[in-house]
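Trainee: sequence below, structure please.
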Amino acid sequence: MGDITLTSAVRSSLSAMKSTVDMMGQVQNRLATGKKVNSALDNPNSFFTADGLQSRANDLGGLMDDMGQSVQTLKAADQGLKGITKLVESAKAKANQALQSQSQYERQKFAGEYNDLLGQIEDLAKDSSYKGKNLLGGAGNDLTVNFNEDNTSKLSVSAVDFTDTTASAGLNLQDLAAGAEGAASFQLEGGTDSVVLTDGSDTLKSEALLSDSNAVAVGDTLTIEDTAAGAGATQATLVVAADTTVQDLVDFADAVAGVEASFDESDGTLTIKSNDDTFLRTDDAGGTPTPADLISSTAAAFSATSDVLADSASFASGDTLSFTDGNGYEVGSLEIDDSTTVADLVTALNDSSGVSATFNTGTGKVTVESQVDLAITSDNGDFNSAAFTADSDGVNVAATDSGFASDGDINDSLSRLNSALSTLRSQASTFGTNLSVVENRQNFTKAMVNTLEEGAGKLTLADTNEEGANLLALQTRQALASTALAFSAQADQNVLRLF
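Mentor: All right, here's what the predicted structure looks like:
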């Protein structure tokens with residue numbers, strides 16, 4: 001094509017058109033990409049400056065994602081704290097309920113419910129994790145939040161351990177002793193014998209002199225012993241004086257522990273009921289070696305639930321049996337009358353809170369099991385006496401006390417609960433402050449990313465309005481250049497017409 005020669009006008013027109021096409025290409029590229037600087041060739045300074053700004057914006061954008069996840073971790077811990085606080089408040093209410101009751105049985109139930117709440121607190125703390133991070137889970141769960149791209153600005157959030165309520169560094173709430181039942185038994189037995197006191201022709205009255213009896217004389221010694229044939233231990237003695245009456249004998253026998261004496265005025269019968277084998281003996285004033293038995297009462301164990309309690313010296317019509325726990329709270333009672341049976345006693349015990357009783361017909365023993373300390377007492381001094389020895393405190397069942405057994409125990413728990421609530425509120429405040437810091441930095445970082453991206457855009461983004469006008473101008477220029485080229489070619493054609 002080197003042999004072709006263009007005129008100067010044509011060549012100028014072609015050059016102008018080429019330049020216009022190149023510029024149109026640049027403008028169309030800017031409009032298509034939205035950028036006026038697409039590579040270092042367009043503007044090295046703007047390109048690399050904008051690239052640095054955008055890179056930092058991208059780094060901060062990644063940190064914003066981490067901050068968002070940290071916010072969720074803190075929110076999860078905060079929700080856990082709210083739940084734990086409600087459970088601690090419930091435990092406190094349970095302790096106050098126990099304090100308002102004197103029943104050890106009810107307190108034992110409250111102690112069990114209290115321990116259940118502590119277990120729920122530990123479970124809730126364990127479930128307060130977010131993506132494997134649990135700020136209530138103790139060691140290994142500390143949270144670090146980075147705020148800038150070189151990690152020189154950060155926030156460290158220390159985890160606490162509420163998964164073990166007994167930890168002194170945590171809530172310091174001790175599990176309460178649940179309590180354990182105890183058992184005891186007591187014997188139901190009795191014997192009865194009687195003697196008619198007479199002067200030989202008539203029966204005596206209670207106010208009559210004892211020496212009027214043909215079996216007793218002034219100076220005789222009356223004894224109550226526990227073994228036949230006079231070989232037993234003497235438990236009580238009465239020396240018959242000139243003024244000793246029949247009633248004095250009744251009072252003497254009745255005063256022996258485990259012995260109940262009565263006298264029937266109508267027929268002169270002296271009756272003795274006893275919890276043990278009982279022998280009322282008399283010797284004469286000369287000290288006969290082998291005393292005579294006025295009464296021989298052999299005690300036998302009760303053998304049926306239908307046996308009447310009043311057949312034993314331990315019980316008499318009008319007695320009141322009281323069942324009280326270790327705090328002196330009466331859990332039950334039984335009024336004794338002439339028809340009260342062993343079955344009635346067992347039923348009364350079984351109807352008492354936390355108490356169960358059984359009767360062994362083979363041994364005549366009532367076995368009592370109680371979930372709390374229990375004392376079975378009577379206003380009858382002969383109750384549960386044995387071997388002519390009085391029982392000073394009745395039948396006692398020793399159980400293992402619960403952690404709420406005494407007011408002092410409950411008040412100690414309330415003190416620890418108040419401290420735990422204070423710890424929870426303080427920790428909630430700490431997490432709240434941390435959450436506020438992270439959210440503020442998150443908002444700041446978001447604004448900073450926008451600033452960096454805006455700055456990068458100012459260096460590289462094209463003004464579409466301006467570029468659109470440029471394209472229109474270049475299209476006009478291209479059209480004019482085409483016309484000029486046509487005019488230049490037409491001038492050459494006019495020379496051809498000369499030939």
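Trainee: can you list the neighbours in contact with stretch 121-134?
Mentor: 69, 72-73, 75-77, 79-80, 83-84, 87-88, 91, 135-137, 141, 143, 159, 162-165, 171, 173 (CB atoms under 8 Å, 6 or more residues apart in numbering). C-betas here are computed from N, CA, C, even on glycine.
Trainee: okay but residue 196 is in contact with residue 268, surely?
Mentor: Yes - using CB atoms under 8 Å, residue 196 is in contact with residue 268, at 5.3 Å.
Trainee: ok, these two, which is more surrounded?
Mentor: Taking other CB atoms under 10 Å, residue 196 and residue 268 do not tie; residue 268 has more neighbours (20 against 13).
Trainee: confidence score at the more buried one?
Mentor: For residue 268, the pLDDT comes out at 87.
Trainee: separation between it and residue 214?
Mentor: According to CB to CB, to the nearest Å, residue 268 and residue 214 sit 12 Å apart.
Trainee: residues shared between the contacts of the two?
Mentor: Shared contacts of residue 268 and residue 214, defined by CB under 8 Å, 6+ apart, are found at residue 198.
Trainee: out of the contacts of stretch 121-134, which are buried?
Mentor: 73, 76-77, 80, 83-84, 87-88, 91, 135-137, 141, 143, 159, 162-165, 171, 173 (16 or more other CB atoms under 10 Å).
Trainee: domain parsing for the protein?
Mentor: Here the domain parsing of the chain from automatic domain parsing is 48-178+406-450, 182-186+306-397, 212-299.
Trainee: can I get those in JSON lines with distance to residue 203?
Mentor: As requested, the domains of the chain are arranged in JSON lines below (distance: least, CB to CB, whole Å):
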{"stretch": "domain 48-178+406-450", "distance to residue 203": "53"}
{"stretch": "domain 182-186+306-397", "distance to residue 203": "24"}
{"stretch": "domain 212-299", "distance to residue 203": "3"}
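Trainee: how near is the closest residue in space to residue 199 that isn't next to it in sequence to residue 183?
Mentor: Using CB to CB, 6 or more residues apart in numbering and skipping the chain neighbours, the partner closest in space to residue 199 is residue 212 (4.8 Å). Using CB to CB, residue 212 is found at 52 Å from residue 183.
Trainee: look at those two and report which has more neighbours.
Mentor: Just comparing residue 212 and residue 183: by other CB under 10 Å the higher neighbour count belongs to residue 212, 17 against 14.
Trainee: dead centre of this protein: give me the residue that sits there.
Mentor: residue 117 (2.3 Å; CA atoms, centre = their mean).
Trainee: and the gap between that residue and residue 87?
Mentor: From residue 117 to residue 87 the distance is 5 Å (CB to CB).
Trainee: same thing with residue 194?
Mentor: 69 Å.
Trainee: would you enumerate the residues in contact with the residue nearest to the centre of the chain?
Mentor: Contact analysis of residue 117 by CB under 8 Å, 6+ apart lists 87-88, 90-91, 94.
Trainee: residue 97 too?
Mentor: Residue 97 is in contact with residue 110, counting by CB under 8 Å, 6+ apart.
Trainee: next one: it from residue 402, what distance?
Mentor: For residue 97, the distance to residue 402 - CB to CB - is 14 Å.
Trainee: ok, now residue 427?
Mentor: Taking CB to CB, one finds residue 427 at 30 Å from residue 402.
Trainee: looking at these two, which is more packed in?
Mentor: Ranked by neighbour count (other CB under 10 Å), residue 427 and residue 402 place residue 402 first, with 26 against 22.
Trainee: where does that one land in three-state SS?
Mentor: Three-state assignment for residue 402 (DSSP: H, G, I helix; E, B strand; the rest coil): coil.
Trainee: give me the number of residues near the spatially closest residue to it that is not a sequence neighbour?
Mentor: Once flanking residues are discounted, residue 402 sits nearest to residue 179: 3.6 Å by CB to CB, 6+ apart. The tally of other residues near residue 179 (other CB under 10 Å) stands at 24.
Trainee: contacting residues around the nearest residue in space to residue 157 that is not next to it in sequence?
Mentor: Spatial nearest neighbour of residue 157, chain neighbours left out: residue 143 (4.1 Å); criterion: CB to CB, 6+ apart. When contacts are counted by CB under 8 Å, 6+ apart, residue 143 touches 70, 73-74, 133, 135, 156-157, 159.
Trainee: got TSV for the residues you listed, with distance to residue 29 too?
Mentor: Conversion of those to TSV gives the following (distance: CB to CB, whole Å):
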residue	distance to residue 29
70	43
73	47
74	48
133	48
135	53
156	50
157	50
159	55
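Trainee: taking those one by one, which sit in helices?
Mentor: 70, 73-74 (DSSP state H).
Trainee: surely residue 271 is in contact with residue 253?
Mentor: No - using CB under 8 Å, residue 271 makes no contact with residue 253, being 9.8 Å away.
Trainee: which one's more surrounded, those two?
Mentor: Using other CB under 10 Å, the more surrounded residue of residue 271 and residue 253 is residue 253, with 25 against 17.
Trainee: how close does that one get to residue 281?
Mentor: 12 Å.
Trainee: where do the contact lists of these two overlap?
Mentor: Taking CB under 8 Å, 6+ apart as the criterion, residue 253 and residue 281 both touch residue 224.
Trainee: show me the helices in the stretch 51-200 of the chain, by range?
Mentor: Taking DSSP state H, counting those that start in this stretch as the criterion, the stretch 51-200 of the chain contains helices spanning 104-126.
Trainee: pLDDT below threshold where in it?
Mentor: The model of the stretch 51-200 of the chain has no residue with pLDDT under 70.
Trainee: one more time with 80
Mentor: Counting by pLDDT under 80, the stretch 51-200 of the chain has low-confidence residues at 51-57, 59-60, 200.
Trainee: enumerate every residue touching residue 448.
Mentor: 57, 60.
Trainee: on the three-state scheme, it is what?
Mentor: Put simply, residue 448 is helix when judged by three-state DSSP.
Trainee: now residue 226: how far from residue 201?
Mentor: 34 Å.
Trainee: pLDDT weak spots in the stretch 251-400 of the chain?
Mentor: 283-293, 297.
Trainee: now do the helices in it.
Mentor: Using DSSP H, counting those that start in this stretch, helices in the stretch 251-400 of the chain cover 342-350.
Trainee: all good on my end, thank you.
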